[in-house]
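>>> generate a structure from the sequence data that follows.
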Amino acid sequence: MRHRVAGKKLNRTSSHRKALVKNLMRAFVIEWQGKGHIVTTRTKAKFIQPKIEKLISLSRNKTVHNIRRAMSLIGDRDVVQVLFDEIGPYYSDRPGGYTRVLRLVKPRLGDATVRAYLGYVREDDDYPEGDRRSRGATSDSEGGEVSSATAVAVEDSSDSSEETVVATIVDEDSGEASAEAAPETDPSDEETPK
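Numbering: from 1, shown residues only. Got it, this is the predicted structure:
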């Protein structure tokens, strides 16, 4: 029986699984200077994500002990140097959540396995191409573009005999403001319920 056995096996022996984790973690750290993400299967991405999160948390504090711990996990001196000199200081103020796993739409060609994007979370980074959350891809449920104008302020000019409502609309693209006046209504014209 398989009671209380933690972790995934990924259909590999223990030595093969350790080598896979080491290679994926090394490739992910190397991509910090490149694209900023790797594409792998969803199962592998979810398997190594917590390990990478712990490794980045380790790199936030540069001590000899932490460098040696990272060397035992990755095994490449140049990659560990990138980890502690660039990645650790970049995430020094962030308490966690350094990576994201996003499922890709198209499966792998050979065996139709679900692929995933494992990438760094950066302030200036865009979502991968085709992601519905990417900037500029906002659309309503019917697929049309949403208007980029938003109502900012509503001014109410109250007079004893007439009421005028002016809405100021700012266009986000051009930054220009335009005012639109609502039709004037007379309170005496309104019908009173009988």
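>>> so, low pLDDT: which residues of the protein?
By pLDDT under 70, the weakly predicted segments of the chain are 125-194.
>>> how is it divided into domains?
Listed by automatic domain parsing, the domain ranges of the chain are 14-120, 149-183.
>>> out of the ones you listed, deepest packed?
domain 14-120 (a mean of 15; mean count of other Cβ atoms under 10 Å). All C-beta spots, glycine's among them, are computed from the backbone N, C-alpha and C.
>>> between the two ends of it, what distance do you get?
Start-to-end span of domain 14-120 (Cα to Cα, to the nearest Å) is 27 Å.
>>> same deal with stretch 92-112?
39 Å.
>>> repeat for stretch 107-119
Chord length of stretch 107-119, first to last residue, is 18 Å (Cα to Cα).
>>> tabulate the domains of the chain in TSV, adding columns for distance to G7.
Shown next, in TSV, are these (distance: least, Cβ to Cβ, whole Å):
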stretch	distance to G7
domain 14-120	8
domain 149-183	48
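>>> A6: which of these is closest?
Proximity to A6 (Cβ to Cβ) singles out domain 14-120 among the domains of the chain, at 11.8 Å.
>>> would you state the helices of the chain in chain order?
Counting by DSSP state H, the chain has these helices, from start to end: 14-30, 42-59, 64-74, 77-82, 88-90.
>>> out of these, flag the one nearest Y98.
Across the helices of the chain, the minimum distance to Y98, taken as Cβ to Cβ, is reached by helix 42-59, at 4.6 Å.
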